[in-house]
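> This is a predicted model, with the sequence first.
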Amino acid sequence: MQTESASTMSSLIDLSHEIGHGTLTYKGLPAPIICDFLSRQASRDIYEAGTEFHIGKIEMVANSGTYVDSPFHRYADGKDLAELPLESLVDLPGIVVDATRAGTSLNKHVFESCDLKGRAVLVRTDWSRHWGADQYFESHPHLTEDAAVFLRDAGAAIVGIDSYNIDDVSGRTRPVHSVLLASDIPIVEHMTNLGAVPAGAAFRFHAAPVKVRRFGTFPVRCYAVADV
């Protein structure tokens, strides 16, 4: 989708997966159940002839589809979704870091040549091509602890990745979550379509979840607004 002003044209680039009934995002967590609370047929008994509505119902864990992690996801005293300032989630200058040839463990060297201060740092691995397949859950690209420390110290505003998890899940620690969320740097996981952001183009990033109190994670429709 493109929007145009008097002097520039911008392209809206969707960076989110769809959530459907039975969509499995994270191994070991239940898939969403999507159904009718009030069907159109049932609504005909409530409204005048020719007037009908649908009210849907969804039961799902917070870690479904493409989602944002707030500090509360990791820390009991961290900011929850309702406490995250909009400035940390939307209208941020963005940078896509191409890590498609950097292997599985992405260390600080992937980011050393990049200007990250105040930016949404989106790590492109193209692992999202396996979304919906068993391979998505196995041996996924992830950041290392030294990469997280580098991103924090370089002033990254929010960090996203188009992979199964920003951390290595083979063990029981999650150092990348721990480092970034301790510094109030939100994390976006299970992104997609990062290759559609034009290389070198200036863009703004948006990833606002609903404003839920005492909740650490929620799906987002994240997107880039790129100058073309």
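Cool, the structure landed.
> all strands of the protein, in order?
Residue ranges of the strands in the chain, as given by DSSP state E, are 2-4, 9-14, 33-38, 55-59, 67-69, 92-98, 105-106, 120-124, 142-143, 158-161, 187-189, 203-206, 217-219, 223-227.
> for those, which one sits closest to residue 149?
Residue 149 lies closest, by CB to CB, to one member of the strands of the chain: strand 142-143, at 10.1 Å. Bear in mind the C-beta positions are built from the backbone N, C-alpha and C, glycine included.
> In a markdown table, list the strands of the chain along with mean pLDDT and distance to residue 20.
Output for the strands of the chain, formatted as a markdown table (pLDDT from 0 to 100; distance: least, CB to CB, whole Å):
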| stretch | mean pLDDT | distance to residue 20 |
| --- | --- | --- |
| strand 2-4 | 60 | 27 |
| strand 9-14 | 91 | 16 |
| strand 33-38 | 98 | 7 |
| strand 55-59 | 98 | 10 |
| strand 67-69 | 98 | 15 |
| strand 92-98 | 98 | 27 |
| strand 105-106 | 98 | 30 |
| strand 120-124 | 98 | 24 |
| strand 142-143 | 98 | 26 |
| strand 158-161 | 98 | 22 |
| strand 187-189 | 99 | 18 |
| strand 203-206 | 98 | 23 |
| strand 217-219 | 98 | 12 |
| strand 223-227 | 96 | 19 |
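> mind giving me CSV with the ones you listed and columns for mean neighbour count and distance to residue 86?
Output for the strands of the chain, formatted as CSV (neighbours: other CB atoms under 10 Å; distance: least, CB to CB, whole Å):
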stretch, mean neighbour count, distance to residue 86
strand 2-4, 9, 20
strand 9-14, 16, 19
strand 33-38, 12, 28
strand 55-59, 11, 25
strand 67-69, 26, 12
strand 92-98, 20, 10
strand 105-106, 17, 28
strand 120-124, 25, 13
strand 142-143, 26, 25
strand 158-161, 27, 12
strand 187-189, 25, 15
strand 203-206, 21, 10
strand 217-219, 21, 15
strand 223-227, 19, 15
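> can I get these in CSV with distance to residue 177?
Output for the strands of the chain, formatted as CSV (distance: least, CB to CB, whole Å):
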stretch, distance to residue 177
strand 2-4, 35
strand 9-14, 25
strand 33-38, 27
strand 55-59, 25
strand 67-69, 7
strand 92-98, 18
strand 105-106, 15
strand 120-124, 14
strand 142-143, 10
strand 158-161, 10
strand 187-189, 7
strand 203-206, 20
strand 217-219, 11
strand 223-227, 23
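> Do you have the helices of this protein handy? List them.
40-43, 145-154, 175-182 (DSSP state H).
> between the strands of the chain, which one is nearest to residue 114?
From the strands of the chain, taking CB to CB, the stretch that ends up closest is strand 92-98, at 5.9 Å.
> What strands flank that closest one, and is each parallel or antiparallel?
Strand 92-98 sits in its sheet next to strand 120-124 (parallel), strand 203-206 (antiparallel), going by DSSP bridges.
> wait, doesn't residue 86 sit right on residue 209?
No: judged on CB atoms under 8 Å, residue 86 makes no contact with residue 209 at a distance of 10.9 Å.
> out of everything not next to it in sequence, what's closest to residue 210?
Once flanking residues are discounted, residue 210 sits nearest to residue 218: 5.7 Å by CB to CB, 6 or more residues apart in numbering.
> what sits against the nearest residue to residue 207 once chain neighbours are set aside?
The shortest distance from residue 207 to any non-neighbouring residue, by CB to CB, 6+ apart, is to residue 222 (3.8 Å). Applying CB atoms under 8 Å, 6 or more residues apart in numbering to residue 222 gives the contacts 15-16, 66, 68, 160, 188, 191, 205-207.
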